[in-house]
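**Q** Here is a sequence together with a model predicted from it:
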Amino acid sequence: MRIVFMGTPDFAAASLKKLIEDKFNIVGVFTQPDKPKGRGMEMSFSPVKELALAHDLPVFQPEKMRDGSALRQIEVLAPDILVVVAYGRILPDEILAVPKFGAINVHGSLLPKYRGAAPIQWAVLNGDKVTGVSTMYLAKEMDTGDIIYTAETEIGEFETSGELFDRLMVMGADLLVKTLRDIEKGTAPRTPQDNAKASYVSQLDKSFSPIDWNKSPRAVVKWIYGLQPWPVATMELEGSVYRVFAAEYTEGKTDKAPGQIVSAGKAGIEIACANGETLMITQLQAPGKKRMKAADFLRGHPIKIEP
């Protein structure tokens with residue numbers, strides 16, 4: 001089966017790597033154009049391009065998908081199927097119509113839940129107990145295609161989005177292999193999504209960083225771990241904005257308003273949340289400083305506790 005792979009970031013590179021290891025017939029790799037990166041603004045390759053070049057796979061980086069050039073390239077490659085994983089471009093219908101088996105996608109959620117961008121982060125942010133990956137056929141509307149397979153996993157209570165991302169990346173690659181093999185054999189199922197159960201999520205940015213202390217301790221914990229590795233949760237402390245990396249639950253109760261400091265010591269910085277409950281901040285980063293344990297920070301920066 002002739003495969004054209006289309007993807008860009010690490011999540012996609014894991015799937016491409018698995019296909020290479022399992023000796024699938026990859027006849028071409030499409031990825032986003034090179035972009036300047038870093039202080040020197042030097043042009044950098046996407047993880048997918050680096051991997052493809054390392055294995056002598058032909059790489060294509062069209063600037064546009066609707067001017068006919070990408071279509072011509074794909075027609076020449078004559079794929080039996082398109083594998084699209086976090087490519088970052090919408091494919092026009094004429095491209096989707098080229099391969100006889102159509103186009104399939106790996107998505108980082110249990111569809112139809114969390115269609116759209118950042119599904120892995122939102123599963124953590126929303127405090128979900130379970131998430132997973134889905135393979136599906138591409139359709140005209142984003143993430144609405146028929147589901148082929150899903151694989152579930154529990155989310156650790158203090159698992160960051162980055163840690164979950166790394167696990168789902170591997171799960172997605174494994175599920176892709178199963179999907180392709182069964183499509184080739186003609187045994188792959190095809191289940192329409194229940195649109196009534198669909199939900200959509202958006203990309204994250206730094207406006208999400210400030211912690212809302214009016215939420216429950218668990219909601220705050222999930223916010224802290226869900227925003228890692230980026231954009232990272234923040235809190236204001238004595239007039240400065242601190243990045244917050246770790247927190248623990250407490251059994252404390254307080255009459256203080258949400259956001260006020262209850263205690264500060266060897267255990268960390270205890271802060272009031274909703275309904276008189278508290279949360280212990282255990283790792284943070286001061287402006288211009290390194291990330292550190294809250295207890296170590298307090299040794300050099302004692303905090304005055306307001307009555």
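**A** The structure has been received and is ready for your questions.
**Q** domain parsing for this structure?
**A** 2-201, 206-300 (automatic domain parsing).
**Q** measure the last one end to end?
**A** It stands for domain 206-300. 28 Å (CA to CA, to the nearest Å).
**Q** Kindly report the same for the longest one.
**A** Between the opening and closing residues of domain 2-201 lies a distance of 33 Å (CA to CA).
**Q** Off-centre distance for that domain?
**A** 12 Å (CA atoms, centre = their mean, to the nearest Å).
**Q** same deal with the last one?
**A** The gap between where domain 206-300 is centred and where its chain is centred comes out at 23 Å by CA atoms, centre = their mean.
**Q** Let me know how buried residue 154 is, in neighbour terms.
**A** 11 (other CB atoms under 10 Å). Every residue, glycine included, has its C-beta placed from N, CA and C.
**Q** I'd guessed it sits against residue 129; true?
**A** Yes - if you go by CB atoms under 8 Å, residue 154 and residue 129 touch, sitting 6.4 Å apart.
**Q** ok, back up a step: can you lay out the domains of the chain as TSV showing mean pLDDT and distance to residue 306?
**A** Listed next are the domains of the chain as TSV, based on pLDDT from 0 to 100; distance: least, CB to CB, whole Å:
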stretch	mean pLDDT	distance to residue 306
domain 2-201	96	29
domain 206-300	97	7
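**Q** Switch these over to JSON lines; also include distance to residue 307.
**A** As requested, the domains of the chain are exported to JSON lines (distance: least, CB to CB, whole Å):
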{"stretch": "domain 2-201", "distance to residue 307": "32"}
{"stretch": "domain 206-300", "distance to residue 307": "9"}
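**Q** separation between residue 157 and residue 198?
**A** Per CB to CB, to the nearest Å, residue 157 is found 27 Å from residue 198.
**Q** can you give me the strands for the stretch 201-307 of the chain?
**A** 233-237, 240-253, 261-265, 268-272, 277-285, 291-293 (DSSP state E, counting those that start in this stretch).
**Q** Just want the angle from the third one to strand 277-285.
**A** Using axes from the mean of the first three to the mean of the last three CA atoms, to 10 degrees, one finds that strand 261-265 and strand 277-285 are set 50 degrees apart in direction.
**Q** Just confirm residue 168 is within a strand.
**A** No - Residue 168 is assigned helix when assessed by DSSP: H, G, I helix; E, B strand; the rest coil, not a strand.
**Q** The helix or strand harbouring residue 11 - contacts with which helices or strands?
**A** Residue 11 is part of helix 10-21, with elements assigned from DSSP states H and E. Here helix 10-21 touches strand 2-7, strand 25-30, helix 47-54, strand 81-85, helix 161-185, going by 3 or more CB pairs under 8 Å, 6 or more residues apart in numbering; DSSP states H and E.
**Q** okay, those in a markdown table with distance to residue 284 next?
**A** Putting those into a markdown table (distance: least, CB to CB, whole Å) gives the following:
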| stretch | distance to residue 284 |
| --- | --- |
| strand 2-7 | 35 |
| strand 25-30 | 41 |
| helix 47-54 | 30 |
| strand 81-85 | 35 |
| helix 161-185 | 18 |
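**Q** from memory residue 266 sits against residue 297, does it?
**A** No - here residue 266 does not reach residue 297: they are 11.8 Å apart, not a contact under CB under 8 Å.
**Q** higher neighbour count, those two?
**A** Set side by side, residue 266 and residue 297 show more neighbours around residue 297, with 22 against 9, by other CB under 10 Å.
**Q** surely that one meets residue 286?
**A** Yes - counting by CB under 8 Å, residue 297 does reach residue 286; the two are 6.7 Å apart.
**Q** Tell me who's in contact with residue 305.
**A** Going by CB atoms under 8 Å, 6 or more residues apart in numbering, residue 305 touches 261-264.
**Q** rewinding a little: most tightly surrounded among the strands of the stretch 201-307 of the chain?
**A** strand 268-272 (a mean of 24; mean count of other CB atoms under 10 Å).
**Q** Strand 277-285 and that one, what's the angle between them?
**A** 140 degrees.
**Q** Can you give the strand pairings for strand 268-272, parallel or anti for each?
**A** According to DSSP bridges, strand 268-272 forms sheet pairs with strand 261-265 (antiparallel), strand 277-285 (antiparallel).
**Q** residue contacts, residue 33?
**A** Taking CB under 8 Å, 6+ apart as the test, what residue 33 contacts is 61-63.
**Q** same check, this time on residue 155
**A** Residue 155 neighbours (CB under 8 Å, 6+ apart): 123-124, 128-131, 164.
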